[in-house]
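Student: Next comes the sequence, and after it the predicted model I'd like to discuss.
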Amino acid sequence: MNSINPNVPESLMESLNAIAAQLMGRCLSADGSFALVEEALDKAIAQVRGQLVDLALASAQNGFSRELSCDTCRNRLTRWGGHSRVIVTAHGEGRLPVERWHCRWCNKDVYPILVRNGLTDSQYTIGARRVIAEEAAEAPYAHAARRLSVRGIIVSATQVDQIAQEIGHWRAHEEECARAYLMLSGRDLALPLHDKSAWERVPAHVAGVLSVDGGKVRSTTPAQDGQGLEWFETRAGVVSLNCDEAPKVFVAGMKEPDKLFETLLSQSRPLVGKRLLVFVADGARWIWDRVTQFFPKAVQVLDIYHAAEHVGSAARACWGAESEQANQWVSSARRMLMQPGGLASVLRELCQCLKRGTCVDADQVKMEMRYLWTNRGRMHYAQLIAQGLPIGSGIMESAIKQTSSQRLRQPGMMWTRERANLMLRLRAACLNDSLHFTTQRHEAIAAKQFKVYAKAA
């Protein structure tokens with residue numbers, strides 16, 4: 001096994017010629033049917049893929065020869081036979097000739113190629129597990145298994161679930177490490193979770209945009225009133241830049257509000273740097289209290305669509321839901337608020353209505369006025385527009401849809417909190433196109449574990 005068998009390439013070519021001959025025969029007998037041609041191509045591609053994966057795995061083992069020592073007693077290991085094992089790679093299934101090494105002093109066996117690739121307790125390479133997890137983040141497990149089979153990765157729905165949980169745990173652990181390190185030390189952990197290159201290309205004067213919100217996911221627990229199942233809340237955040245085609249980073253999971261903001265801070269700081277920050281969200285108290293704490297220098301903006309809804313609600317309470325004046329206010333609420341002094345004009349008109357005593361529901365009017373007054377410092381829309389800064393949280397609505405609704409709220413789906421948390425972390429990582437950072441680190445961990453054996457006595 002010290003060198004590649006010179007006959008392998010020739011035997012491979014013979015095999016490929018045989019596959020090509022079979023393909024041509026099936027196509028010639030297809031009577032012009034492209035459906036039959038495509039079926040023949042599927043079979044041929046699967047055969048070729050298997051041949052190439054086998055060759056690649058065998059060549060990798062052949063090039064892996066070196067002197068090894070026992071991790072316990074440090075004495076030299078000796079080759080002690082081997083066996084063939086099925087390995088599933090990111091490009092399909094193949095057979096790996098696995099060398100067994102033996103320590104005569106400790107009387108134990110070691111399989112270095114498996115240790116080197118994190119395969120001691122799995123037949124799926126780390127790369128294959130990443131591909132499986134990415135598919136699981138996009139579609140239900142059974143659908144993901146079918147889609148993976150086209151790529152030569154044979155896996156059951158149950159295995160897809162297990163691997164998705166494994167990778168989800170990896171990602172959750174990394175996010176928690178980055179969050180905890182920042183909170184304890186005040187410094188960013190040198191643990192890249194995202195590709196910063198696209199962010200660094202955007203000019204420094206372009207503002208960073210942040211937002212958070214919550215969503216609902218159906219649980220497996222029956223509702224207390226006996227009507228259907230309970231729903232529980234998930235939370236998500238998004239970091240972006242105030243420019244067209246700006247990169248985005250999503251944060252999601254079953255997080256307490258403080259941990260959500262800590263995670264958002266740990267993942268946004270390396271990306272936005274010293275840019276001006278704009279935090280856009282609805283009027284939830286739990287959000288703004290923490291924005292002041294975690295992003296004290298950020299410009300706070302109440303989402304204008306939420307603000308307009310409260311203006312419309314106040315108008316209906318003033319003049320009646322069916323009145324022409326209320327309908328005019330509802331349709332023009334955003335335009336009114338975007339005018340210089342727009343909020344002051346709205347509040348002035350509502351006050352006059354209260355003074356006249358003609359309100360349909362005075363208590364509702366007062367409640368909506370209180371909401372608008374409390375958020376008045378976040379509603380300088382005309383000034384924000386003049387500065388080219390965002391005034392709407394459409395980016396957050398899209399983030400909730402992408403991280404949660406599209407995957408966790410498909411028909412008939414039910415989730416435990418733990419499974420939902422892992423899937424949200426996994427989904428966010430895939431949307432950020434950053435899952436490969438996680439799997440690369442685990443590949444490095446496996447390589448580090450192997451180095452213990454590579455230090456020959």
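Tutor: Noted; the coordinates are in hand.

Student: got a list of what the residue lying closest to Gly320 once chain neighbours are set aside touches?
Tutor: Spatial nearest neighbour of Gly320, chain neighbours left out: Val360 (4.9 Å); criterion: CB to CB, 6 or more residues apart in numbering. (C-beta placed from N, C-alpha, C; glycine too.) By CB atoms under 8 Å, 6 or more residues apart in numbering, the contact list for Val360 reads Arg316, Ala317, Cys318, Trp319, Gly320.

Student: And Val360, how far from Met369?
Tutor: Distance, Val360 to Met369, using CB to CB, to the nearest Å: 15 Å.

Student: Tell me the secondary structure at Asp363.
Tutor: helix (DSSP: H, G, I helix; E, B strand; the rest coil).

Student: Neighbours of it, how many?
Tutor: Asp363 has 9 neighbouring residues, counting by other CB atoms under 10 Å.

Student: Against Arg348, how distant is it?
Tutor: 20 Å.

Student: most surrounded residue in the contacts of Val360?
Tutor: Cys318 (25 neighbours).

Student: May I ask you to confirm that that one is in contact with Gln352?
Tutor: No: using CB atoms under 8 Å, Cys318 makes no contact with Gln352, being 9.6 Å away.

Student: Now do Arg85, the pLDDT please.
Tutor: pLDDT, Arg85: 92.

Student: Are we agreed that it is in a strand?
Tutor: Yes: counting by three-state DSSP, one finds Arg85 located in a strand.

Student: Now for it, how many residues are close by?
Tutor: Residues near Arg85, counting by other CB under 10 Å: 16.

Student: Tell me which residues touch it, please.
Tutor: With CB under 8 Å, 6+ apart, Arg85 has these contacts: Arg95, Leu96, Val98, Gln123.

Student: For Gly320, grab phi and psi.
Tutor: Dihedral pair for Gly320: phi 100, psi 140, per degrees, to the nearest 10.

Student: where does the stretch 351-457 of the chain dip in pLDDT?
Tutor: Applying pLDDT under 70 to the stretch 351-457 of the chain flags residues 455-457.

Student: Please list all residues in contact with the residue of the chain positioned farthest from its centre.
Tutor: The C-alpha centroid of the chain is most remote from Arg356, which lies 54.1 Å away (CA atoms, centre = their mean). For Arg356, the contact set (CB under 8 Å, 6+ apart) is empty.

Student: quick one on the thing from earlier: please render the contacts of Arg85 as a markdown table that adds pLDDT, neighbour count and distance to Asp31 to the earlier fields.
Tutor: Output for these, formatted as a markdown table (pLDDT from 0 to 100; neighbours: other CB atoms under 10 Å; distance: CB to CB, whole Å):
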| residue | pLDDT | neighbour count | distance to Asp31 |
| --- | --- | --- | --- |
| Arg95 | 92 | 14 | 37 |
| Leu96 | 92 | 25 | 41 |
| Val98 | 91 | 18 | 46 |
| Gln123 | 95 | 15 | 41 |
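
Student: Out of those residues, which comes closest to Leu389?
Tutor: Nearest to Leu389 among the contacts of Arg85 is Gln123, at 52.2 Å by CB to CB.

Student: thinking the closest one is in contact with Thr89, fair?
Tutor: No: between Gln123 and Thr89 there is no contact under CB under 8 Å: 10.0 Å.

Student: Tell me how far Val217 lies from Ala298.
Tutor: 28 Å.

Student: Between the two, tell me which one has more neighbours.
Tutor: Neighbours per residue, other CB under 10 Å: of Val217 and Ala298, the larger number sits with Val217, 24 against 18.

Student: what secondary structure does the more buried one sit in?
Tutor: Val217 ends up strand, using three-state DSSP.

Student: now it, nearest residue through space, not along the chain?
Tutor: In space, Val217 is closest to Leu408, 4.9 Å off (CB to CB, 6+ apart).

Student: For the one you found, give me its contacts.
Tutor: With CB under 8 Å, 6+ apart, Leu408 has these contacts: Val217, Thr234, Trp415, Ala420, Met423, Leu424.

Student: now, which of those residues lie within helices?
Tutor: Ala420, Met423, Leu424 (DSSP state H).
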